[in-house]
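Participant: Pasting a predicted model and its sequence here:
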Amino acid sequence: MQFKRIKKNINGVLLLDKPIGYSSNQALQKAKWLLQAAKAGHTGTLDPLATGLLPLCFGEATKFAHYLTDADKTYFATIKLGITTNTGDAEGEVITTKPVNVSQAQFEQACAQFGGEISQIPPMYSALKHEGKALYEYARAGVEIERKSRLITIHSITQNAFEHDVASITVTCSKGTYIRTLAEDIGNALGCGAHLIGLRRTATANYNITQTITLEQFEAMTTEQRIAALMPLDSAVLHLPAITLDADSSFYLQQGQAIWQSGKIPQGLIRLYNEQAQFLGLGEQQSDGKITPKRLIVSKD
């Protein structure tokens, strides 16, 4: 007789160090299975070739996942000059090979061209959808889909190492940035072409790589240790201002009602806590002075 696994109401954020070869969804499903969690979601796709910080949201934390998806991110990228591939990374087939005669100063100058707000065309080998299908499905079938360029922001590019035809950079950027495309664009600016041979995400929002756990470490833990390893629900929204509500306000807010709060209240979205310092969710200050509930935590005992 087969016994059905009982799924649990697990709430929190797992900061996973995604291994190479795993898709973001494969890593999510593995962690979800280990926790026996009823509900889970990841926060921004990492290619199978990429490693590093992948925040996974469980239970009530999924209500705040989009704040992490939309957040700035930092990557450590390794670029191979002189060779282009059809995917923009090391998984693809080689398209062109050119000699590399680039100095470190020329490489730095090329990188500097891509700082600030720039226009970027998403690659064909991406999970972006066109008429319900991912672009990479069209690409594998040999079909080219016209993509619109979009504005992204490169907050900083720092060169870490440079040796003839291989360079490593650290990039902090806005959501929607394709580091593969950035590597190709740098190669085009140098006239020799380039592709990405290594990518590691080191930061998302206020999380960083030093806080992560590998799948192997997570698997070796007991159930209690796995739950204890999760970050609290409010860790995904620490960039928002916070206020503490009295007992009456907390009660009415959790009934879905707008509340009055004395004192100076920050405009826009606010983290809300009760007098026991428990995170209640997010509210929003309205023009009439009331705070309306936006995303509230549902407590399940």
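Facilitator: Noted; the coordinates are in hand.

Participant: any idea how this structure splits into domains?
Facilitator: Listed domain ranges for the chain are 12-71+206-233, 80-195, 240-296 (source: automatic domain parsing).

Participant: Out of these, the one nearest Ile6 is which?
Facilitator: Closest approach to Ile6 among those (Cβ to Cβ): domain 12-71+206-233, 6.7 Å. Using the backbone N, CA and C atoms, a C-beta is placed for each residue, glycine as well.

Participant: end-to-end on the closest one?
Facilitator: 5 Å (Cα to Cα, to the nearest Å).

Participant: Likewise for stretch 233-251?
Facilitator: 20 Å.

Participant: now stretch 285-296
Facilitator: Rule used - Cα to Cα; the end-to-end distance of stretch 285-296 is 15 Å.

Participant: quick one: average confidence on that stretch?
Facilitator: Averaging pLDDT along stretch 285-296 gives 87.

Participant: quick one: low-confidence parts of the stretch 201-301 of the chain?
Facilitator: Low-confidence segments of the stretch 201-301 of the chain (pLDDT under 70): 300-301.

Participant: 80 - rerun?
Facilitator: With pLDDT under 80 as the threshold, the stretch 201-301 of the chain has low-confidence stretches at 262-266, 287-289, 299-301.

Participant: Quick check: which of the domains of the chain is buried the most?
Facilitator: domain 12-71+206-233 (a mean of 18; mean count of other Cβ atoms under 10 Å).

Participant: My read is that Ala31 contacts Leu14, right?
Facilitator: Yes - counting by Cβ atoms under 8 Å, Ala31 does reach Leu14; the two are 5.7 Å apart.

Participant: got any residues that touch both of the two?
Facilitator: Counting by Cβ atoms under 8 Å, 6 or more residues apart in numbering, the contacts common to Ala31 and Leu14 are 56, 218.

Participant: The closest residue to Lys63 other than its chain neighbours: helix or strand, and which one exactly?
Facilitator: Leaving aside its sequence neighbours, Lys63 sits nearest to Arg295 (Cβ to Cβ, 6 or more residues apart in numbering; 4.9 Å). Secondary structure from DSSP states H and E places Arg295 in strand 290-296.

Participant: which secondary structure elements does that strand contact?
Facilitator: helix 247-254, strand 259-260, strand 268-273, strand 279-285 (3 or more Cβ pairs under 8 Å, 6 or more residues apart in numbering; DSSP states H and E).

Participant: most centrally placed residue in this structure?
Facilitator: Gly44 (3.7 Å; Cα atoms, centre = their mean).

Participant: can you pull the contacts of the residue nearest to Lys63?
Facilitator: 63-64, 281-282.

Participant: And Ile95, by the same measure?
Facilitator: 84-86.

Participant: rewinding a little: tilt between the strand holding Arg295 and strand 279-285?
Facilitator: 140 degrees (axes from the mean of the first three to the mean of the last three Cα atoms, to 10 degrees).

Participant: Strand 290-296 vs helix 247-254, what angle?
Facilitator: 60 degrees.

Participant: what separates the residue nearest to Lys63 from Val13, distance-wise?
Facilitator: 15 Å (Cβ to Cβ, to the nearest Å).

Participant: Could you measure from the residue lying closest to Gly92 once chain neighbours are set aside over to Cys111?
Facilitator: Once flanking residues are discounted, Gly92 sits nearest to Thr85: 3.3 Å by Cβ to Cβ, 6+ apart. Separation of Thr85 from Cys111 (Cβ to Cβ): 20 Å.

Participant: repeat for Ala50
Facilitator: 20 Å.

Participant: How about Asn86?
Facilitator: 24 Å.

Participant: Good, we can wrap up now.
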